[in-house]
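S.K.: Based on what follows, work out the 3D shape:
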Amino acid sequence: MKKAAMAAMVFGAMVFWLPMLADPYMTPRLLIVAAAAGIALFAKSDRSTTLETPALCMVAAAVISCVFAHDKLYAIIGSYQFGMDSLLAFVCYFCVLMASARSGFSVRATSRMVVIASFPVSIYGIFQRFFADPLLWGGIHIGNRIASTQGGPIFLGAVLALVVICAVHHARKGDRTAAAALALAVTALWFTQTRGAILAAAIGSAFMFRWAWLAAIPALLLMPRFFNSAVSDMARIEVWKTAWRTFEGNPLTGYGIGNFYLAFRRYTDTTLVGIVKGATYVQSHAHNDILHVLATMGVIGLAAYAFLGYSVVRVALTHTEKKFLLGIIAAYAVLSFFNPVTTSAFMMLALIFGAASSKVEPVMKRRVLPALASIVVTLSIGRLTLADWHYAKGHKAPTKALQAYEFQEASRLNPWEMFYTCRRVDSLVSAIPYMELAQRRPAALAGRDLAAKAVKLHPFDSYAHELYGKQVLIGYIAGFRDVRPEDALAAFNKAQELAPTFEMIMWRRRNAAQAMGLMGEMMRASEDIAILHGAKVQGRKG
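M.R.: Now for the predicted structure:
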């Protein structure tokens with residue numbers, strides 16, 4: 001049972017994949033892993049992990065972040081855009097760490113499982129590079145940048161960087177299977193065109209060979225030839241600045257895990273708009289783990305993160321597989337500096353360091369509470385995944401009626417997700433012109449009520465306020481006596497406060513003010529639009 005549970009966790013982290021839900025929607029990847037961890041934790045074992053206390057401190061910091069989060073719902077269950085940053089995900093990582101330690105598997109056996117599981121991941125990615133992908137429902141990977149089972153080049157790069165370290169570890173001992181996996185993984189890694197991951201693999205490998213640091217030289221020299229990175233690098237620096245501004249505004253407990261994309265809208269400025277030439281540019285991660293922890297969990301989260309990091313390094317330094325474990329840590333350090341480290345990579349790290357930190361306990365026992373926590377995560381993720389599935393089907397629905405049904409199902413299964421509510425209301429409103437006259441008024445009322453509920457659930461989400469403002473105007477045009485256009489303008493102003501660089505909201509403000517004859521409000525909105533356009537043209541802050 002323990003071997004099957006370990007294999008299921010590795011498979012769930014690396015291979016399990018739902019095409020339309022892959023990028024950047026990583027929530028489903030927790031499903032199989034959480035279920036397998038729960039089974040492993042419920043089985044009796046005489047082992048535990050020396051990392052339990054620091055890992056538990058990280059979970060406790062996540063709980064504190066949830067309590068003080070600006071949006072508590074996203075902090076607990078995650079958002080459609082970034083479910084890997086949620087309390088459910090933190091609990092899953094913790095349970096995987098404990099389950100791996102209790103399995104009794106060695107570091108060598110665990111890392112070899114990773115190597116074996118990498119074959120379908122690498123082969124599928126290489127196939128994507130040269131052939132049309134028959135499994136994708138839509139264009140998920142970008143041009144020649146492959147995604148494989150991870151849904152995005154950056155996420156795949158993080159996984160393959162760790163695979164390369166594991167494969168090098170076994171190949172240097174004469175393992176031919178690992179050598180083949182290494183060749184495939186390096187090829188697939190190069191096709192991701194993810195600079196941070198390529199550099200991470202090179203630097204991580206350097207810890208296992210005295211001469212391997214030379215691998216970093218061609219990686220550094222060749223990467224600029226393949227990647228036009230000027231805009232990307234400038235944008236990343238501005239994302240870091242936004243993360244720092246978020247931390248400065250919320251220093252103790254952060255803005256809340258799962259809340260970064262809300263904070264990003266609120267704290268970004270027109271400098272970034274000028275760089276990316278886009279007025280709706282949003283990031284769900286700070287592209288640097290330390291800054292992300294500071295922005296979302298504050299000083300309390302950073303202290304827990306540092307304690308866990310110190311404990312992991314200590315385990316590596318005292319282990320017989322020291323070089324390999326230090327190589328894994330070095331690869332993670334490089335990855336975490338440049339990009340989001342994906343759910344799969346975190347679970348791979350939990351599996352490997354769970355095995356490395358395993359210790360023998362005096363008696364055989366079950367870990368009932370963590371097992372139950374894993375089951376709760378499994379059931380929750382199952383429901384969220386089904387909601388994601390309906391949402392994805394809604395985008396591909398051939399008719400407006402079927403589209404409205406799919407969005408309604410997604411919203412029913414996950415009524416806390418703002419994207420689902422927006423699409424549900426939009427599809428409902430778009431169907432009003434085709435309804436019988438007697439049905440139109442109830443439909444408009446239903447849309448307004450859904451928008452009002454969304455504002456109550458997500459008071460710090462600009463989309464919720466913008467949606468409510470639109471529904472108020474629809475109600476006003478429809479002749480509802482209990483609505484005022486001033487309420488729509490107030491909603492748009494609040495949305496603009498929460499997303500100061502979103503041009504569409506500026507136009508909604510301007511048009512609403514113009515309709516009511518409020519010249520001062522209209523002029524202020526016009527000035528904001530002019531500043532934003534100036535930033536786009538000049539590429540600098542207006």
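S.K.: Moving C-terminal from the helix or strand harbouring residue 241, which element do we reach first?
M.R.: For residue 241, the host element (DSSP states H and E) is helix 230-249. Remark: after helix 230-249, the chain's next helix or strand is helix 260-267, criterion DSSP H and E.
S.K.: which secondary structure element contains residue 182?
M.R.: helix 176-192.
S.K.: What lies in contact with that helix?
M.R.: Residues from elsewhere that reach helix 176-192, judged by C-beta atoms under 8 Å, 6 or more residues apart in numbering: 112, 115-116, 118-119, 121-123, 125-126, 129, 144-146, 148, 153-154, 156-157, 160-161, 163-164, 166-171, 197-198, 201. All C-beta atoms are positioned from the backbone trio N, CA, C, and that covers glycine.
S.K.: can you confirm residue 46 is in a helix?
M.R.: No - applying DSSP: H, G, I helix; E, B strand; the rest coil, one finds residue 46 to be strand, outside a helix.
S.K.: so where does residue 66 fall, helix or strand?
M.R.: Residue-wise, residue 66 maps onto helix 52-67 under DSSP H and E.
S.K.: The helix or strand just after that helix - what's its average pLDDT?
M.R.: Per DSSP H and E, helix 52-67 leads on to helix 72-77 as the next helix or strand towards the C-terminus. Averaging pLDDT along helix 72-77 gives 94.
S.K.: Now do the next helix or strand after helix 72-77: distance to the chain's middle.
M.R.: Sequence-wise, the next helix or strand downstream of helix 72-77 (DSSP H and E) is helix 87-103. How far helix 87-103 lies from its chain's middle: 18 Å, per C-alpha atoms, centre = their mean, to the nearest Å.
S.K.: now stretch 303-313
M.R.: The answer for stretch 303-313 is 22 Å, by C-alpha atoms, centre = their mean.
S.K.: which residues are contacting it?
M.R.: 50-51, 53-55, 57-58, 60-61, 289-290, 293, 297, 326, 329, 353.
S.K.: Using the three-state scheme, assign residue 362.
M.R.: Under three-state DSSP, the three-state class of residue 362 is strand.
S.K.: closest to residue 472 among the contacts of stretch 303-313?
M.R.: residue 297 (35.8 Å; C-beta to C-beta).
S.K.: Find the helix or strand that the closest one is a member of.
M.R.: helix 289-317.
S.K.: list the buried ones in that helix?
M.R.: 289-298, 300-302, 304-305, 307-309, 311-312, 315-316 (16 or more other C-beta atoms under 10 Å).
S.K.: Let me know the angle separating that helix from helix 52-67.
M.R.: Per axes from the mean of the first three to the mean of the last three C-alpha atoms, to 10 degrees, the angle that helix 289-317 makes with helix 52-67 is 170 degrees.
S.K.: Tell me the gap between helix 289-317 and the middle of its chain.
M.R.: On C-alpha atoms, centre = their mean, the centre of helix 289-317 falls 18 Å from the chain's centre.
S.K.: Rounded mean pLDDT for that helix, please.
M.R.: 96.
S.K.: just checking, next helix/strand downstream of it?
M.R.: helix 322-338.
S.K.: Please name every helix or strand in contact with that following helix.
M.R.: helix 107-130, helix 153-171, helix 195-206, helix 289-317, helix 343-356 (3 or more C-beta pairs under 8 Å, 6 or more residues apart in numbering; DSSP states H and E).
S.K.: and these, which one is worst for confidence?
M.R.: helix 195-206 (a mean of 89).
S.K.: Dump that one to CSV, restricted to CA.
M.R.: The C-alpha trace of helix 195-206 is given here as CSV (Å, rounded to 0.1, in the frame of the first residue of the first chain):
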residue,chain,number,x,y,z
ARG,A,195,15.7,30.7,-18.7
GLY,A,196,15.3,30.4,-14.9
ALA,A,197,14.6,26.7,-15.1
ILE,A,198,17.6,26.0,-17.5
LEU,A,199,19.9,27.9,-15.2
ALA,A,200,18.4,26.1,-12.1
ALA,A,201,19.1,22.7,-13.7
ALA,A,202,22.7,23.7,-14.5
ILE,A,203,23.5,25.2,-11.1
GLY,A,204,21.7,22.3,-9.2
SER,A,205,23.8,19.8,-11.2
ALA,A,206,27.0,21.6,-10.2
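S.K.: re earlier: can you select the buried ones among the contacts of helix 176-192 for me in ChimeraX?
M.R.: Entered in ChimeraX, the line below selects the buried ones among the contacts of helix 176-192, by 16+ other C-beta under 10 Å:
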select :112,115,116,118,119,121,122,125,126,129,145,146,148,153,154,156,157,160,161,163,164,166,167,168,169,170,171,197,198,201
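S.K.: Spatially central, which residue of this protein would that be?
M.R.: By C-alpha atoms, centre = their mean, the mean C-alpha position of the chain lies nearest to residue 82, the distance being 3.0 Å.
S.K.: Do I have it right that it meets residue 282?
M.R.: No - using C-beta atoms under 8 Å, residue 82 makes no contact with residue 282, being 10.5 Å away.
S.K.: intersection of neighbour lists for the two?
M.R.: Listed as contacting both residue 82 and residue 282 by C-beta under 8 Å, 6+ apart are residue 261.
S.K.: Report the residue spans of this structure with pLDDT below the cut-off.
M.R.: 20-25, 137-143, 210-230, 278-279, 536-542 (pLDDT under 70).
S.K.: Can you spell out the domain ranges of it, please?
M.R.: 2-376, 397-538 (automatic domain parsing).
S.K.: show me the contacts for residue 366.
M.R.: Applying C-beta under 8 Å, 6+ apart, the residues contacting residue 366 are 41, 42, 43, 44.
S.K.: Just want the angle from the helix holding residue 241 to helix 260-267.
M.R.: Using the same axes, to 10 degrees: helix 230-249 against helix 260-267 is 90 degrees.
S.K.: in the helix or strand where residue 372 lies, what's buried?
M.R.: Residue 372 is part of helix 368-396 when elements are defined by DSSP H and E. By 16+ other C-beta under 10 Å, the buried positions in helix 368-396 come out as 370-371, 373-375, 377-378, 380-382, 384-385, 387-394.
S.K.: from the contacts of residue 366, which ones fall inside helices?
M.R.: Within the contacts of residue 366, residues falling in helices by DSSP state H are 41, 42.
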